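> heads up, no residue letters with this:
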């Protein structure tokens, strides 16, 4: 048996993050996870590959947030100038 299925708690401990972070990565970062009934299960080799490819990085999220803030600032600035 090469790689057993692990739980959210186990993968969080394995990666050194909280369970909430794992759930967020599943929802927003396409973390490789498999739903088994009501439970999420993981293969550590899939998660390792996902991490190695930089998918867990906040860089992309921060870039998107900065772009969104920039657009909000332009809209807010335009509204203030017009109003």
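Arrived safely. Everything quoted here is computed from the prediction, not taken from an experiment.

> from here on, contacts and neighbour counts on C-alpha atoms
Noted.

> Buried ones in stretch 35-51, by neighbour count?
40, 41, 42, 43, 44, 47, 50 (16 or more other C-alpha atoms under 10 Å).

> got a list of what the last one touches?
Residues touching residue 50, when contacts are defined by C-alpha atoms under 8 Å, 6 or more residues apart in numbering, comprise 31, 32, 56.

> about what we covered before: the buried residues of stretch 35-51 in helices, which ones?
Counting by DSSP state H, those place 44, 47, 50 in helices.

> circling back: which one of the buried residues of stretch 35-51 is nearest to residue 26?
For those, the minimum distance to residue 26 (C-alpha to C-alpha) is 9.3 Å, reached by residue 40.

> Settle this for me: that closest one is touching residue 34, isn't it.
Yes - under the criterion of C-alpha atoms under 8 Å, residue 40 makes contact with residue 34 at 5.6 Å.
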